[in-house]
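*Asks:* Sequence and predicted structure, then a few things I'm wondering about:
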Number of protein chains: 2
Amino acid sequence: MTKPYAIGIDLGGTNLRAALVSRDFEVVKKLKEPSSGLAAGGDVIRLMKAAIDELMSPEVEGIGIGVAGVLERGESRITISPNIPPLNGYSFNDLAYPVPVYVENDANSAALGEARAGAGRNFKNFVLMTLGTGIGGGIIYGGELLKVAAEVGHMSIAADGKKCFCGNNGCLEIFASARAIIAAVVEALEGGAESILRECCQGKIYRITPEDVYKAAFGEGDILSREVLKEAGRYLGVGIANIINIMSPEAVILAGGLVGSWNIYVDEAIKEASKRSFKSLFQGVSIIPASLGDEAGAVGAASLVFNEGK
Amino acid sequence: MTKPYAIGIDLGGTNLRAALVSRDFEVVKKLKEPSSGLAAGGDVIRLMKAAIDELMSPEVEGIGIGVAGVLERGESRITISPNIPPLNGYSFNDLAYPVPVYVENDANSAALGEARAGAGRNFKNFVLMTLGTGIGGGIIYGGELLKVAAEVGHMSIAADGKKCFCGNNGCLEIFASARAIIAAVVEALEGGAESILRECCQGKIYRITPEDVYKAAFGEGDILSREVLKEAGRYLGVGIANIINIMSPEAVILAGGLVGSWNIYVDEAIKEASKRSFKSLFQGVSIIPASLGDEAGAVGAASLVFNEGK
């Protein structure tokens, strides 16, 4: 009676990603649509429905949806979605498809994707961190996803530090995310710091990307860029040490755009985490990059269907 | 074939506690021996063996031991035990009892005890924090203990803060433990601060206990005592907020001596956590005291036997 495919949707990033995924977690077909800038929640829903329609067939067991925000899983409802505010309170049960629909947090979905088909396949217990504009997380324990918030980016590592948009002070995300890196670079440049980045983006410093910073640091030896990446990496290491001391995982798997800055940013984080976490726990942990790239979320969301259907 | 009792040993505190526990988690018999100040690991082991001998019978299914430190569970070996250094590397398999022996971290055991027979009985997902000289933790998920380090006291909440003995900087424990409260009081008194605590302990300020501080603050309205407890509570709230944002538990259950200072210390922590954690998550969480008191560890350790034997 079980059908061979599931549809996975990832509403976490700037693109909506959809995938038709087999029971051995192979992506049979995939779609990608720009979703950022869609002001109304309705537009995102319409986009998602179009993607589902294109992938739907009688061979599909169910639909899994990964979405940025805090969820009521039983209700398939989004409690709050900071990045897609029109989705606040939206219930995916309203989609009224003839197959079950499961929702999960986007970083949790990505963790599940890496667990089933990516860098997490060889680990029973790991924590995935998504390092992008913000910082998210997902926790795999005993090979299964912990259905918890895992908002590791909103763990305070500086109790009396700068205010985060979430209301807390000193969140990891303020120090170690892409947003933080760009803010630090822009602030330094505005303050008159010397850097090759002044020549970037035809002088429009607000357009500088983390990739530009990494290229300047690694390729050109730009000191400002290097310092900013190292500082962000150091704080990432504080967060990783906390995760190691609490969850004692076999691996911390790092995903997202910033992983491209491995040689400086992540190296620094690993160095810092090694100094801060319990030695006996650090020795047991692999800190490695994710392997599914942008597909992790959709694959993980699809695998919710096979998981829940068990 | 299953036998009706298990022996639970708690090596976590200043007393060794042992209990004979039934399958419905009733304490049939219990023992308590002062264990702090025993310099050699051998003495602790001897004390424990004597307690086991006294409780042992053909009706005993197995032995569970909760011990402060980081463990290799499969090997029943202590990797590192900061409070009982002679136990570093000790394997409880060497005890050679005719019944299985299980080891677990002491705070994890207490969490399991509260889950089976205490304040955690009505929750599937909770985090226990032990608030004493240090701060420990245990995580219950889906009604079962997560076999992870859960060293929540060694989560840094001040990346560039004071050094902790563990090697990290700014650990929660530095700000919010009994040790931290006493250190703050002593420092203030030495600095000339006015306080009724000067009259405590015949002027021997190093003998002041957290109970003295709480009595002075709550009973006498002593301002220094009040401020110190509130400050420690505020930082505890930072730690609780981090736990809520990561584990989104139904409850945070607080155990240990400092819970006696609920009206000031914990009240402040709850206030701070409510400001810092995601609103939608905070609304779903009960912050409550543990109910088993000093028996939680032994009951939890005993319940390891029934758990693992399933």
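*Replies:* Yep, that arrived.
*Asks:* contacts, neighbours, all on C-alpha from now
*Replies:* OK.
*Asks:* Run a quick neighbour tally on residue A:131.
*Replies:* Per other CA atoms under 10 Å in any protein chain shown, the neighbour tally for residue A:131 reads 21.
*Asks:* Could you find the closest non-adjacent residue to it?
*Replies:* Nearest residue to residue A:131, sequence neighbours excluded (CA to CA, 6 or more residues apart in numbering or on different chains): residue A:256, at 4.7 Å.
*Asks:* shouldn't that neighbour be in contact with residue A:136?
*Replies:* No. Contact status for residue A:256 versus residue A:136: not in contact, 9.6 Å apart, counting by CA atoms under 8 Å.
*Asks:* could you give the mean pLDDT of the helix or strand hosting residue A:32?
*Replies:* Assigned by DSSP states H and E, residue A:32 belongs to strand A:27-34. Strand A:27-34 shows a mean pLDDT of 93.
*Asks:* what do you get for stretch A:289-296?
*Replies:* Taken as a whole, stretch A:289-296 carries a mean pLDDT of 93.
*Asks:* so how far is it from its chain's centroid?
*Replies:* In this view, stretch A:289-296 has its centroid 10 Å away from the chain centroid, taken as CA atoms, centre = their mean, to the nearest Å.
*Asks:* tell me which strands and helices the lengthiest helix in chain A is in contact with?
*Replies:* When chain A is parsed with DSSP state H, its longest helix is helix A:223-247. Using 3 or more CA pairs under 8 Å, 6 or more residues apart in numbering or on different chains; DSSP states H and E as the contact test, the elements touching helix A:223-247 are helix A:172-176, helix A:178-190, helix A:210-214, helix A:267-276, helix A:279-282.
*Asks:* Could I get the CA-only coordinates of the helix or strand that comes right after the strand holding residue A:32 as CSV?
*Replies:* Scanning forward in sequence from strand A:27-34 by DSSP H and E, the next helix or strand is helix A:41-55. Presented in CSV, the C-alpha positions along helix A:41-55 are these (Å, rounded to 0.1, in the frame of the first residue of the first chain):
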residue,chain,number,x,y,z
GLY,A,41,1.8,34.9,2.3
GLY,A,42,-0.8,34.0,-0.3
ASP,A,43,1.8,34.3,-3.0
VAL,A,44,4.1,31.9,-1.3
ILE,A,45,1.2,29.5,-0.9
ARG,A,46,0.3,29.9,-4.5
LEU,A,47,3.9,29.2,-5.6
MET,A,48,4.0,26.2,-3.4
LYS,A,49,0.8,24.8,-4.7
ALA,A,50,2.0,25.2,-8.2
ALA,A,51,5.1,23.2,-7.4
ILE,A,52,3.1,20.5,-5.6
ASP,A,53,0.8,20.2,-8.6
GLU,A,54,3.7,19.7,-10.9
LEU,A,55,5.2,16.9,-8.8
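*Asks:* Residues contacting helix A:41-55, please?
*Replies:* With contact meaning CA atoms under 8 Å, 6 or more residues apart in numbering or on different chains, helix A:41-55 is reached by A:7, A:9, A:16, A:18-20, A:29, A:31, A:33, A:35, A:38, A:84-87.
*Asks:* So which bits of it are buried?
*Replies:* A:44, A:45, A:47, A:48, A:51, A:52, A:55 (16 or more other CA atoms under 10 Å in any protein chain shown).
*Asks:* Name only those of the contacts of helix A:41-55 that count as buried.
*Replies:* A:7, A:9, A:16, A:18, A:19, A:20, A:35, A:84, A:86, A:87.
*Asks:* So which of the helices and strands packed on helix A:223-247 is nearest residue B:235?
*Replies:* Evaluated with CA to CA, these place helix A:172-176 nearest to residue B:235, the distance being 16.5 Å.
*Asks:* Wondering if that closest one reaches chain B at all.
*Replies:* No. In terms of CA under 8 Å from any CA of the partner chain, no part of helix A:172-176 sits within range of chain B; the closest distance is 9.9 Å.
*Asks:* re earlier: go through the buried residues of helix A:41-55 and name the one nearest residue A:91.
*Replies:* Distance from residue A:91 was checked for each of these by CA to CA. The minimum falls on residue A:45, at 11.0 Å.
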